[in-house]
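*Asks:* Okay, sequence plus prediction incoming.
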Amino acid sequence: MTSPAIIIMQSLCKFYTMGDQVVRALDSINLDFRRNDYTAIMGPSGSGKSTLMNIIGCLDTPTSGIYELNGHHVAEMDEDELARIRNKEIGFVFQTFNLLPRLNCLRNVELPLIYAGVPPEEREQRAAEALVKVGLGDRITHKPAELSGGQIQRVAIARALINKPSIILADEPTGNLDTATSHDIMDIFGALSEAGNTIILITHEEDIARYTRRVIRLRDGKIESDIKQ
């Protein structure tokens, strides 16, 4: 039985005005994503993939069209509503890790829970569980400078998981990692997808995209292809 779509985009457009020109960053996008989807978004520079990721992540809103996330009409939300749904539904993983160097792994991972007002004891327990899930149960007290690049990215993934989001968005998550470590990170994403998370990542690397089960290619703001593999 096919699971219901948790993301629905219909006739979605994002236009920018630059001087006298209108830039069609996204032009009539129709997409849906379901629970457990493991998707790579690819395309040349200027294809619209970062704009699409920003809209999926509730960091931006479309100019027109429909965007529904778990039944919420995101396209109609104001900034406060976007922040609430972003914190509840989405975990972000970036190429640059974005960890705080003075904090150990546990403290870095629990940061989103501090902002959410979760009590200290529960924060620590959930952060430790998230680190165990990504294979870093023995590195909880280490600071980023004491970790390898792959371990740092695992901490970033644990932080993305901490609010139990339905969707994980990863922007070039292996861009700063060597080949072997990149493949380890993709295996983690695969396991998270099997466990129920929807994983959507931007990559320009074909070997990384092959780890996913679906590849969407954009060109000039339009979907060039959408292939399940």
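*Replies:* Cool, got the structure. Numbering: from 1, shown residues only.
*Asks:* Tell me, how many residues neighbour the residue nearest to Leu59 when sequence neighbours are not counted?
*Replies:* Once flanking residues are discounted, Leu59 sits nearest to Arg86: 7.3 Å by Cβ to Cβ, 6 or more residues apart in numbering. Any C-beta I mention is one placed from the backbone N, CA and C, and that applies to glycine too. Residues near Arg86, counting by other Cβ atoms under 10 Å, number 19.
*Asks:* is it true that Gly149 touches Gly175?
*Replies:* No - if you go by Cβ atoms under 8 Å, Gly149 and Gly175 don't touch, sitting 10.5 Å apart.
*Asks:* So which elements touch the worst-scoring helix or strand of the chain on mean pLDDT?
*Replies:* Least confident helix or strand of the chain, by mean pLDDT, DSSP states H and E, is helix 79-89 with a mean of 85. Of the remaining helices and strands, none touches helix 79-89 by 3 or more Cβ pairs under 8 Å, 6 or more residues apart in numbering; DSSP states H and E.
*Asks:* which element follows it toward the C-terminus?
*Replies:* strand 90-94 (DSSP states H and E).
*Asks:* Tell me the gap between that following strand and the middle of its chain.
*Replies:* How far strand 90-94 lies from its chain's middle: 4 Å, per Cα atoms, centre = their mean, to the nearest Å.
*Asks:* again, but for stretch 124-142
*Replies:* 20 Å.
*Asks:* can you offset everything so residue one is 148?
*Replies:* With the count now opening at 148, the last piece we talked about shows up as stretch 271-289.
*Asks:* buried sites along that stretch?
*Replies:* Neighbour counts over stretch 271-289 (16 or more other Cβ atoms under 10 Å) mark Glu271, Arg273, Ala274, Ala275, Ala277, Leu278, Lys280, Val281, Leu283, Arg286, Ile287, His289 as buried.
*Asks:* In helices, which of those fall?
*Replies:* Counted as lying in helices by DSSP state H, out of these, are Glu271, Arg273, Ala274, Ala275, Ala277, Leu278, Lys280.
*Asks:* show me what contacts the fifth one?
*Replies:* When the contact criterion is Cβ atoms under 8 Å, 6 or more residues apart in numbering, the partners of Ala277 are Val256, Ala305, Arg306, Leu308, Ile309.
*Asks:* now those in CSV, with distance to Tyr185, neighbour count and secondary structure?
*Replies:* CSV is the format used below for the contacts of Ala277 (distance: Cβ to Cβ, whole Å; neighbours: other Cβ atoms under 10 Å; DSSP: H, G, I helix; E, B strand; the rest coil):
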residue, distance to Tyr185, neighbour count, secondary structure
Val256, 23, 30, helix
Ala305, 19, 28, helix
Arg306, 20, 26, helix
Leu308, 15, 24, helix
Ile309, 20, 22, coil
